[in-house]
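S.K.: Test case, fold it:
(2 chains)
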Amino acid sequence: AQKVTQAQTEISVVEKEDVTLDCVYETRDTTYYLFWYKQPPSGELVFLIRRNSFDEQNEISGRYSWNFQKSTSSFNFTITASQVVDSAVYFCALSDPYSGGYNKLIFGAGTRLAVHP
Amino acid sequence: EAGVAQSPRYKIIEKRQSVAFWCNPISGHATLYWYQQILGQGPKLLIQFQNNGVVDDSQLPKDRFSAERLKGVDSTLKIQPAKLEDSAVYLCASSLGLRDSSSGNTIYFGEGSWLTVV
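M.R.: Have a look, this model is predicted:
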């Protein structure tokens, strides 16, 4: 069965601190996709990144970076120099588009990030 | 490009009443999803459409929930009769296709319809 675990329920940091959100996943499939979404108080899930299982290169986008390690089944998300606007709930998700899952997203429980001035 | 549109944004109903939510996906997106997000949890898929056909409704409580996408574009999700445990955010989402590898199957979400059952 597929599963996504986000062990950190809540994280509180002071502005300009770096913060890493952990994500561990379980799947028996060799082809899959991993995602991060941001959910601000408005409720909309905002797409941040997609990574396929064959691409283990780390990615950096501005203050955001992602570390994908298949050996440990982890897809961690780091925000550098955090800002108050980064305060939100962040979800890691897994999908298997080729094995009858019909692109179903399996979400973790989310990590609530609070960035204080 | 317009995103996924949902209405109403907020609804409060009494238990045993009915409610309907509407969704308009991103233009050109063949696949539409309804997710339920209970407070403090990650979203859970209720039903998935490809054009106007259902491809996955295994987690839809069919005794009280129904959904349709008659013309392959807009969709409605109905709950009748509502229970207290149905209080949640109902998120509509869309993607280009079931297995669109070129875009990595990215799913885009609307702002959600917040339901409170009292």
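S.K.: The residue nearest to B:Gly97 when sequence neighbours are not counted: what's it in contact with?
M.R.: Excluding the flanking residues, the one nearest B:Gly97 by C-beta to C-beta, 6 or more residues apart in numbering or on different chains is B:Ala30, at 5.3 Å. Glycine gets a C-beta too; all of them are placed from N, C-alpha and C. By C-beta atoms under 8 Å, 6 or more residues apart in numbering or on different chains, B:Ala30 lies in contact with B:Gln50, B:Asn51, B:Gly72, B:Leu96, B:Gly97, B:Leu98.
S.K.: wait, which of those is closest to A:Arg50?
M.R.: B:Leu96 (12.7 Å; C-beta to C-beta).
S.K.: what packs against the lowest-mean-pLDDT helix or strand in chain B?
M.R.: Counting by mean pLDDT, DSSP states H and E, chain B has its least confident helix or strand at strand B:53-56, which shows a mean of 89. With contacts taken as 3 or more C-beta pairs under 8 Å, 6 or more residues apart in numbering or on different chains; DSSP states H and E, strand B:53-56 sits against strand B:44-50.
S.K.: May I have the strand it packs on as PDB, with CA atoms only?
M.R.: Provided in PDB are the C-alpha atoms of strand B:44-50 (Å, rounded to 0.1, in the frame of the first residue of the first chain):
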ATOM      1  CA  LYS B  44      -8.700  12.200   0.700                       C
ATOM      2  CA  LEU B  45     -10.000  11.400  -2.800                       C
ATOM      3  CA  LEU B  46     -13.700  10.900  -3.000                       C
ATOM      4  CA  ILE B  47     -14.300  10.600  -6.700                       C
ATOM      5  CA  GLN B  48     -12.400  11.000 -10.000                       C
ATOM      6  CA  PHE B  49     -13.800  11.600 -13.400                       C
ATOM      7  CA  GLN B  50     -12.200  11.300 -16.800                       C
END
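S.K.: Stretch A:24-39 spans what distance, first to last residue?
M.R.: End-to-end distance of stretch A:24-39 (C-alpha to C-alpha, to the nearest Å): 19 Å.
S.K.: I'd like the contacts of B:Ala30 written out as a markdown table, with pLDDT added.
M.R.: A markdown table is the format used below for the contacts of B:Ala30 (pLDDT from 0 to 100):
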| residue | pLDDT |
| --- | --- |
| B:Gln50 | 88 |
| B:Asn51 | 88 |
| B:Gly72 | 84 |
| B:Leu96 | 83 |
| B:Gly97 | 72 |
| B:Leu98 | 60 |
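S.K.: For those, give me CSV that also has neighbour count and distance to B:Ala88.
M.R.: Below are the contacts of B:Ala30 laid out as CSV (neighbours: other C-beta atoms under 10 Å in any protein chain shown; distance: C-beta to C-beta, whole Å):
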residue, neighbour count, distance to B:Ala88
B:Gln50, 18, 24
B:Asn51, 13, 26
B:Gly72, 14, 26
B:Leu96, 19, 27
B:Gly97, 17, 27
B:Leu98, 17, 25
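S.K.: Is it possible to get a markdown table of the residues you listed that adds distance to A:Gly108?
M.R.: Formatted as a markdown table, the contacts of B:Ala30 follow (distance: C-beta to C-beta, whole Å):
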| residue | distance to A:Gly108 |
| --- | --- |
| B:Gln50 | 26 |
| B:Asn51 | 30 |
| B:Gly72 | 31 |
| B:Leu96 | 24 |
| B:Gly97 | 25 |
| B:Leu98 | 23 |
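S.K.: now, which of those residues sits nearest chain A?
M.R.: Closest approach to chain A among those (C-beta to the nearest C-beta): B:Leu98, at 5.5 Å.
S.K.: Tell me where the model's unsure across chain A.
M.R.: For chain A, the stretches with pLDDT under 70 are A:96-102.
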